[in-house]
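Visitor: sequence first, then the predicted structure:
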Number of protein chains: 2
Amino acid sequence: MPRLKILVAYVGTNYCGWQIQNTLSRRPQPTIQEELERIVERVTGSPIRVFGSGRTDSGVHADGQVAHFDIPEAKLDMDWQRTFNSMLPDDIAVLSVEQVADDFHSRKDATGKAYSYSLWLSKRYTPPRLFPFVWATGPLDVAAMDAAAAHLVGTHDFSSFQNVGTDIETTVRTILGITRTPLGTVPTEDTPMQLTWRFEADGFLKQMVRNLMGTLVACGTGKLSPDDVPALLTACDRTKAPCTAPAQGLSLTQVYY
Amino acid sequence: MPRLKILVAYVGTNYCGWQIQNTLSRRPQPTIQEELERIVERVTGSPIRVFGSGRTDSGVHADGQVAHFDIPEAKLDMDWQRTFNSMLPDDIAVLSVEQVADDFHSRKDATGKAYSYSLWLSKRYTPPRLFPFVWATGPLDVAAMDAAAAHLVGTHDFSSFQNVGTDIETTVRTILGITRTPLGTVPTEDTPMQLTWRFEADGFLKQMVRNLMGTLVACGTGKLSPDDVPALLTACDRTKAPCTAPAQGLSLTQVYY
């Protein structure tokens, strides 16, 4: 059966994450995977699994999630992008569709990923347009955060930044870069401003970006010193590191193949 | 009684516009004015009118609406911004609060306004983050739209661009500028892209920006020639001009005093 690769964007606010929940209890909210599979089933007449490059947590957004699925030969010529976007809710969109090799796998073939995390540096107000997409932290010492980020780049055991509930072979990952936009100094007074951090790595552990961001913000508020970060890494103990940043600031930006 | 001036931003999607509706029928959605007055009444203990610089239609956004209201002397020292933002829903925010002269009037003292209207130049998909803030038109001839806009700048009778339902002295207004962001040429093929037009004038008639935008888009799709625009102005007849652009692309950006 021919295989399609789709690029998907979503505002995760009203979804229980990417992954279909295998639970007997009533689901409070749908998932992105469910919404996509519902359409593929309606079009093809049979239940077909849509495989994502990885899960995103409840409330996390995506600007470049990748997924793949197989379709009957007879459905190859139809306009899949138009079909998806006419049937999907407004907070999910298929940005592109392409046929790929029959053995392409959105998760197993991924060589790396990029996530973005946005903060709003004021507690006085959050612009309503940005509200669903930022963590409003108040003013931060951004130079301290930059120093902390520099300690995280490279190959490390990130188990201090992994939440429980996964069964994986290794907790070693390589962070290729942590870049902040806009660059430059940030006024230390309460100047309303959005800052975004982009994390690129060969892979991420469960809630790793949100845990890293929690640590960067702890450095920004002075609760932690950037010099403490190397010890956090070597501790390999989640309870030693600061708390997890909220889901709403996070977006899966890109998947590399 | 001391008078406060507030700068307000809102995502208008879930509101029936700015103005409290004087209707006997059940209101389907709240209004922005209602949300603000509810808080002022709760804080002061008495019903106090919050006067806006002007109405915004149902579904229209604001990044810089201005309003004023009077408060009891005893409530002057409290942190009004914090109070508003802790009690308002997430899609409304008070960006600033200042005490003004007792005779300041947000509507009567306004010397001009700026509105922004955003288009998304693809019909293939709309990014979910942008969906509530753009009109997805598909590809457009932006050079034709620029030529049409040039005919609209200046002092004209804009009654061809005014919807019915208002009782005003004159329909003559002066458009100071219509500027497009980003500038430069736009690919004519279906290249996903957001474009924003900023309209500055000494005042606007009812639904004037949405009617002007409807005409610009008609020029962009080739339904109308930019050379037809002067005749539309002199016709002074709403039925001669193209249809009204949807509310969701519009935002009240700035009020000048």
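Guide: Looks like it arrived, so ask away.
Visitor: can you give me the strands for the stretch 1-150 of chain A?
Guide: With DSSP state E, counting those that start in this stretch as the criterion, the stretch 1-150 of chain A has strands at A:3-10, A:51-52, A:61-70, A:92-100, A:112-120, A:135-136.
Visitor: can you put those in TSV and add mean neighbour count and mean pLDDT?
Guide: (C-beta placed from N, C-alpha, C; glycine too.) Converted to TSV, these look like this (neighbours: other CB atoms under 10 Å in any protein chain shown; pLDDT from 0 to 100):
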stretch	mean neighbour count	mean pLDDT
strand A:3-10	22	98
strand A:51-52	20	98
strand A:61-70	22	98
strand A:92-100	18	97
strand A:112-120	22	97
strand A:135-136	20	96
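Visitor: of all these, which lies closest to chain B?
Guide: With CB to the nearest CB as the criterion, chain B lies closest to strand A:92-100 of the strands of the stretch 1-150 of chain A, at 4.4 Å.
Visitor: okay, the closest one in PDB with CA atoms only?
Guide: The C-alpha coordinates for strand A:92-100 follow below in PDB (Å, rounded to 0.1, in the frame of the first residue of the first chain):
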ATOM      1  CA  ILE A  92      -5.500  21.600  13.200                       C
ATOM      2  CA  ALA A  93      -4.100  22.000   9.700                       C
ATOM      3  CA  VAL A  94      -2.200  19.700   7.300                       C
ATOM      4  CA  LEU A  95       0.500  21.900   5.800                       C
ATOM      5  CA  SER A  96       1.700  19.400   3.100                       C
ATOM      6  CA  VAL A  97       1.200  15.800   1.900                       C
ATOM      7  CA  GLU A  98       3.700  13.700  -0.100                       C
ATOM      8  CA  GLN A  99       4.100  10.100  -1.000                       C
ATOM      9  CA  VAL A 100       7.100   8.500   0.500                       C
END
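Visitor: now that strand against strand A:61-70, angle please.
Guide: Calculated by axes from the mean of the first three to the mean of the last three CA atoms, to 10 degrees, strand A:92-100 forms an angle of 40 degrees with strand A:61-70.
Visitor: below-threshold pLDDT in the stretch 151-257 of chain A: ranges please.
Guide: Low-confidence segments of the stretch 151-257 of chain A (pLDDT under 70): A:187-192.
Visitor: which residue of chain A sits farthest from its center?
Guide: A:Ala74 (34.2 Å; CA atoms, centre = their mean).
Visitor: residues contacting that residue?
Guide: Contact analysis of A:Ala74 by CB atoms under 8 Å, 6 or more residues apart in numbering or on different chains lists nothing.
Visitor: can you rerun that using 10 Å?
Guide: A:Pro2, A:Thr44 (CB atoms under 10 Å, 6 or more residues apart in numbering or on different chains).
Visitor: report pLDDT for it.
Guide: On pLDDT, A:Ala74 comes in at 95.
Visitor: reformat the strands of the stretch 1-150 of chain A as JSON lines; add distance to chain B.
Guide: Converted to JSON lines, the strands of the stretch 1-150 of chain A look like this (distance: least, CB to the nearest CB, whole Å):
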{"stretch": "strand A:3-10", "distance to chain B": "6"}
{"stretch": "strand A:51-52", "distance to chain B": "16"}
{"stretch": "strand A:61-70", "distance to chain B": "7"}
{"stretch": "strand A:92-100", "distance to chain B": "4"}
{"stretch": "strand A:112-120", "distance to chain B": "11"}
{"stretch": "strand A:135-136", "distance to chain B": "10"}
